[in-house]
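K.L.:
pasting the structure only:
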């Protein structure tokens, strides 16, 4: 009877600890959107199960190890916010599967991704004809993101009023965390071009959080201070 009561008590306490931990860590731990959060969720689940049900293990040493694991997560997550290189190491990078309607076999082999996998994911996205796809990107979460060819995209009012369609391309990230991503620079998007675009917007490099050339060739710039007096969603 005593063992049953102790197991119930440990289960209850473990549930409270898990609830508080997932609240503090944030929403990303629930999405499994990269290798880091997936591994963390598995390890946290194992710790909580042992803390709750394995009476052979002492609760306090298990809790101390669990708290140390959570502290490591917070340290890495906080550091990754300031380091793009660490973010890439933790989260991984997306893989382009199709470019300009062509399959990239080398990339597919690299990530062990078959044509059957591609067709299944396309069907799940409502695309039954692979010929409609301009770009397909396998995200680090395992989900497939698709950009259809212009002829197969839904028409918006802007499309009707604008000039004839331009050739679509993948977005080109040029700035992140106030620093130029030099490997993405091209003969068209040079460092001088970036500085000129920022100058036209009366911005300095260190004022920009993120800048990317979108699929239609337009430059999107987001500042550190967006000057929104009343954001829609406050965390």
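P.N.:
Ah, there it is. Treat the numbers as computed from the prediction; the structure is a model and nothing was measured.

K.L.:
helix or strand next in line after the one helix or strand in the chain whose mean pLDDT sits lowest, which one?
P.N.:
Ranking every helix and strand in the chain by mean pLDDT, DSSP states H and E puts helix 28-31 at the bottom, with a mean of 58. Tracing the chain C-terminally past helix 28-31 and defining elements by DSSP states H and E, one meets helix 35-53 next.

K.L.:
what residues of that next one count as buried?
P.N.:
By neighbour count on 16 or more other CB atoms under 10 Å, the buried set for helix 35-53 is 36-38, 40-41, 44, 47-48, 50-52. Every residue, glycine included, has its C-beta placed from N, CA and C.

K.L.:
ok, those residues vs residue 81, which is closest?
P.N.:
Nearest to residue 81, judged by CB to CB, of these is residue 36 at 13.2 Å.

K.L.:
hang on, isn't the closest one packed against residue 90?
P.N.:
Yes: with contacts counted by CB atoms under 8 Å, residue 36 reaches residue 90, the gap being 4.3 Å.

K.L.:
list the residues that contact both of these two?
P.N.:
Common contact partners of residue 36 and residue 90 (CB atoms under 8 Å, 6 or more residues apart in numbering): residue 76.

K.L.:
which residues in this protein form helices?
P.N.:
2-25, 28-31, 35-53, 59-80, 84-91, 105-110, 115-124, 157-161, 191-200 (DSSP state H).

K.L.:
how deep is the closest residue to residue 171 other than its chain neighbours tucked in, by neighbour count?
P.N.:
Of all residues not flanking residue 171 in the chain, residue 212 sits nearest, at 5.0 Å (CB to CB, 6 or more residues apart in numbering). Neighbour count for residue 212, taken as other CB atoms under 10 Å: 18.

K.L.:
residues contacting residue 212?
P.N.:
Residue 212 touches 171-175, 219-220, counting by CB under 8 Å, 6+ apart.

K.L.:
same check on residue 99?
P.N.:
Residue 99 sits next to 135, 170 when contact means CB under 8 Å, 6+ apart.

K.L.:
if we go to 10 Å?
P.N.:
Shown in contact with residue 99 (CB atoms under 10 Å, 6 or more residues apart in numbering): 107, 133-137, 169-170.

K.L.:
got a pLDDT number for it?
P.N.:
At residue 99, the model reports a pLDDT of 86.

K.L.:
next: residue 39.
P.N.:
With respect to pLDDT, residue 39 scores 76.
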